[in-house]
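K.L.:
below are the sequence and a predicted model for it; my questions follow.
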Protein chains: 2
Amino acid sequence: MNISQNIKVAVDAVVFGYEEGQVRILLIKQKFGVYKDRWALPGGFVLDGESLSGAVERELREESGVAVDYMEQLCTFGDDVARDPRAQVISVAYLALVNPSKLRLRASSDAKEAKWFPADNIPELAFDHNTIIAKGLERLKAKVSYQPLGFDLLEKEFPFSDLENLYRAILGRDIDRRNFRKKLMSFGFLEETDKMRKIGSGRPAKLFVFNKQEYRRLESEGIHFEIKYA
Amino acid sequence: MNISQNIKVAVDAVVFGYEEGQVRILLIKQKFGVYKDRWALPGGFVLDGESLSGAVERELREESGVAVDYMEQLCTFGDDVARDPRAQVISVAYLALVNPSKLRLRASSDAKEAKWFPADNIPELAFDHNTIIAKGLERLKAKVSYQPLGFDLLEKEFPFSDLENLYRAILGRDIDRRNFRKKLMSFGFLEETDKMRKIGSGRPAKLFVFNKQEYRRLESEGIHFEIKYA
DNA sequence: ACAAAAGTGTTCGCTTTACACCCATGT
DNA sequence: ACATGGGTGTAAAGCGAACACTTTTGT
């Protein structure tokens, strides 16, 4: 097959984490090239023989040491032919979630600096990465309300208020605690443990776990979830 | 920038049409190569300097003479590194809709055969194109219920029953005529004309038009549509 | 007159929403 | 005792679901 084509394929990831009540996004400081010293999404060129999702995982490992807990394809950017000033590059963007136990960043092998930024305070990034993030946030927002994605951003055992606050943070608005809890519990994939957590003052909170098996079972039975809130 | 990468970028389109009460998909017969004489989605390699959506439009024009009325990106296929037996090729798939006035296929310039197939009776296709179609149908199904996409598959002026039947065809199940009509009319983006259509026996039907301006206006006001039906 | 498709309202039940007080702990 | 966050129920409104007969035309 001898078609000649001079287009490069890259992947980029919008990696979300949740810490201290804030949704955060992982960024990498560019050390070389046109965008030296600018922050950018983790990502890079796909290697020959490598799958797209494999490339994302490798780049994340290399650049930050992060292993993600959930990943889905977001969108492919290639309508702006000059989105990379060096050459024609299309980028397949992914959305990924990491749970809090893995938020710690490893000193990266290729001397790039990695850092978590609050999702509502992202600097001007390299390439069209601000656009990609906007798309990622939009998708996250849309998706949490009909798929219980949020649990990948929380610890395995969490107090209900963490879930509430996560939804508040993602949706950018207040939710009604009573209605939210009633709705979530009615689905039946949340289980109460007998552990408690107390932080500072206030009544200690029961910890809950997300029962993924049960969720998958309900999902396969064709049951549709829609998480609404006042 | 001297990275060497031997990956080719292609685009493919799942183009939907609606005729005689059937949802149809446009396919092209392969004239050369490994998959000679197999049907495949319209598509091909992206040219240097060409945008992704531009490539889709060009391929559709070249292979079938079809100009689409709606197009959105579907998904990028590249996790199966061997999806194209000739080389590593990633394909950015698009979903497109054509309205009935443009369903006629032009004799194509490069002597490929183009044909509309009923969506529920697609043969075994070249590459992973059956998978791409499955994804396209899934998206179409999901999307019609929260975005009035269907109108791009109908004539400008249409009787309500066409809309009903289109939804029946896409969703693969019956809908309640009264509830459906009530809901659709309540949105306010459907306008009654004073024209009528009679075909064969039966009471003549009023024709309706979709008011895109009004829809955009309502959409921009943040009004959310969800089309449900018994 | 009959067949064929279009047009039209009402009732019931469930889901969503709105809303405020008591409980358990730390200081 | 007071501050802090956790836990809980009920009533009203709105929406979705179910359901059948009349109208207009062609034959």
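P.N.:
Here it is on my side, so go on.
K.L.:
any residue of the longest strand belonging to chain A touching chain B?
P.N.:
Longest strand in chain A by number of residues (criterion: DSSP state E): strand A:8-19. Yes. Using CB under 8 Å from any CB of the partner chain, strand A:8-19 reaches chain B at A:K8, A:V9. From N, CA and C alone the C-beta is placed, and that goes for glycine too.
K.L.:
quick one: strands adjacent to that strand?
P.N.:
When pairing is defined by DSSP bridges, strand A:8-19 lines up against strand A:22-29 (antiparallel), strand A:43-45 (antiparallel), strand A:89-97 (parallel).
K.L.:
what's the mean pLDDT across the longest one?
P.N.:
Mean pLDDT, computed over strand A:89-97, is 98.
K.L.:
distance check, A:L154 against DNA strand C.
P.N.:
In this view, A:L154 and DNA strand C are 22 Å apart by CB to the nearest atom of the strand, to the nearest Å.
K.L.:
pretty sure that residue contacts A:L163?
P.N.:
Yes. Counting by CB atoms under 8 Å, A:L154 does reach A:L163; the two are 6.6 Å apart.
K.L.:
what mean pLDDT does stretch A:164-175 get?
P.N.:
Stretch A:164-175 comes out at a mean pLDDT of 96.
K.L.:
is the longest helix seen in chain A anywhere near chain B?
P.N.:
Longest helix in chain A, counting residues (DSSP state H): helix A:129-144. No. On the criterion CB under 8 Å from any CB, helix A:129-144 is out of touch with chain B, staying 10.0 Å away.
K.L.:
which elements pack onto the strand or helix carrying A:S53?
P.N.:
According to DSSP states H and E, A:S53 maps onto helix A:52-64. Using 3 or more CB pairs under 8 Å, 6 or more residues apart in numbering or on different chains; DSSP states H and E, the elements in contact with helix A:52-64 are strand A:8-19, strand A:22-29, strand A:43-45, strand A:70-77, strand A:89-97.
K.L.:
chain center to it, what's the gap?
P.N.:
In this view, helix A:52-64 has its centroid 14 Å away from the chain centroid, taken as CA atoms, centre = their mean, to the nearest Å.
K.L.:
try stretch A:140-160
P.N.:
How far stretch A:140-160 lies from its chain's middle: 11 Å, per CA atoms, centre = their mean.
K.L.:
hmm, it touching DNA strand D?
P.N.:
Yes. Stretch A:140-160 is in contact with DNA strand D by CB under 7 Å from any atom of the strand, via A:P159, A:F160.
K.L.:
and that stretch, which residues are buried?
P.N.:
Judged by neighbour count using 16 or more other CB atoms under 10 Å in any protein chain shown, the buried positions of stretch A:140-160 are A:140, A:144-145, A:148-154, A:158-160.
K.L.:
and A:Y215, that's in a strand?
P.N.:
No. Looking at A:Y215 with DSSP: H, G, I helix; E, B strand; the rest coil, it is helix, so not inside a strand.
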